[in-house]
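Enquirer: sequence and computational prediction follow.
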Amino acid sequence: MSFLRKLFYITIYTNLLIAMAAMAQCALTYIIFEWSINWYIVLVEGTATLLLYNFSLWWSKPKNPKESKFPRTRWIFNHEWVMWLNNGIALLVLGYCLWYIHVYSFLFLGFIGILSLLYGMPLFTFRDRKVGLRQIPGAKIFHIALVWVCSSVVLPYVELANVGVKIDQWVFIALCGLKFIFLVICTLPFDIRDIQQDSYYHLRTLPNMLGEQKAKNLTYGLLGLHCVLILTVPYTVPIKIGLILTNVLIFALLKLAVFKTKDHYHYAYLLDGSLVLQFLIVLVIGMFSAGT
């Protein structure tokens, strides 16, 4: 268990977990579209996510990172070579995969990159000072969800459309909406955990504005809404079962771990793991149903 715990922490600290989550969500889109997975697009998604999150870490590097009170910050900048090694590998893989995607997908990826950079770059005026979207009250969580919808749903759709594959419009629209809600569900616990830290940095996140308990209730409410909406969308039965089963497991994680105690800072990262788990559950149920 000690080895697995250390491995889990390393995937968090290096942003490999969030990169795997991005790849899993992108691959899940192909399953829902009932089309073979384009691994070039999936790898583009994973490597681009890793590079963007690492850039965000570097951009927000404190003056004395090795003296930070946050274990993650201390670890990252005590092992900074790992980040640059991962960046180098990611750049090579990204460069290779970009040769195999459509030019319009490449352009759309650039749009996603610009949209992602708006998160932290001080391009907006708020209360007479330049801020990024994360400093605008309540905008942070919705911006994150929007970027993920664009990269994990719209990017595969654009690539398929440009090679002549027609996807049912209702399936596409429903997936965009459901994915947005699901990503808000998976992001809210991080902002709830960071209420005090965000207050220190004068960030007005949704949990800061609602209060901790109301934000938790909102998470549970959105989880219930997500389950109801899954029943109404034009997906195959195995996919619906997989998505709802994932929601049940997320509810258990929130109730038994993430929201139960504040002593374990890293419990919230289980929600990143659930993004991978959702793909695996849908994949396994789909394979099982196809074999029966």
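Expert: Right, received. Where do you want to start?

Enquirer: so where's the chain shaky on pLDDT?
Expert: Filtered on pLDDT under 70, the chain yields the residue ranges 1, 59-60, 62, 67, 69, 120-138, 196-203, 262-265, 291-292.

Enquirer: which helix in the protein runs the most residues?
Expert: In the chain, with assignment by DSSP state H, the single longest helix is helix 169-193.

Enquirer: and the host helix or strand of G286, how far from the chain's centre?
Expert: Using DSSP states H and E, G286 sits within helix 270-290. Relative to the centre of its chain, helix 270-290 is centred 15 Å away, using C-alpha atoms, centre = their mean, to the nearest Å.

Enquirer: check which residues of it are buried.
Expert: Judged by neighbour count using 16 or more other C-beta atoms under 10 Å, the buried positions of helix 270-290 are 270-279, 281-283, 285-286. C-beta here means a position set from N, CA and C on the backbone, and glycine is covered the same way.

Enquirer: tell me the helix or strand right after the host helix or strand of L229.
Expert: Under the criterion of DSSP H and E, L229 resides in helix 212-232. Going down the chain from helix 212-232, the next helix or strand is helix 237-253, by DSSP H and E.

Enquirer: dump that following helix to CSV, restricted to CA.
Expert: What follows is helix 237-253, C-alpha atoms only, in CSV (Å, rounded to 0.1, in the frame of the first residue of the first chain):
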residue,chain,number,x,y,z
VAL,A,237,-27.5,0.9,-22.6
PRO,A,238,-24.0,-0.3,-21.7
ILE,A,239,-22.7,3.3,-21.9
LYS,A,240,-25.5,4.6,-19.7
ILE,A,241,-24.9,1.8,-17.1
GLY,A,242,-21.1,2.6,-17.1
LEU,A,243,-21.7,6.4,-16.6
ILE,A,244,-24.3,5.9,-13.8
LEU,A,245,-22.1,3.3,-12.1
THR,A,246,-19.2,5.8,-12.1
ASN,A,247,-21.5,8.4,-10.5
VAL,A,248,-22.4,6.0,-7.8
LEU,A,249,-18.7,5.4,-7.1
ILE,A,250,-18.0,9.2,-7.1
PHE,A,251,-20.8,9.7,-4.6
ALA,A,252,-19.2,7.1,-2.3
LEU,A,253,-15.8,8.8,-2.7
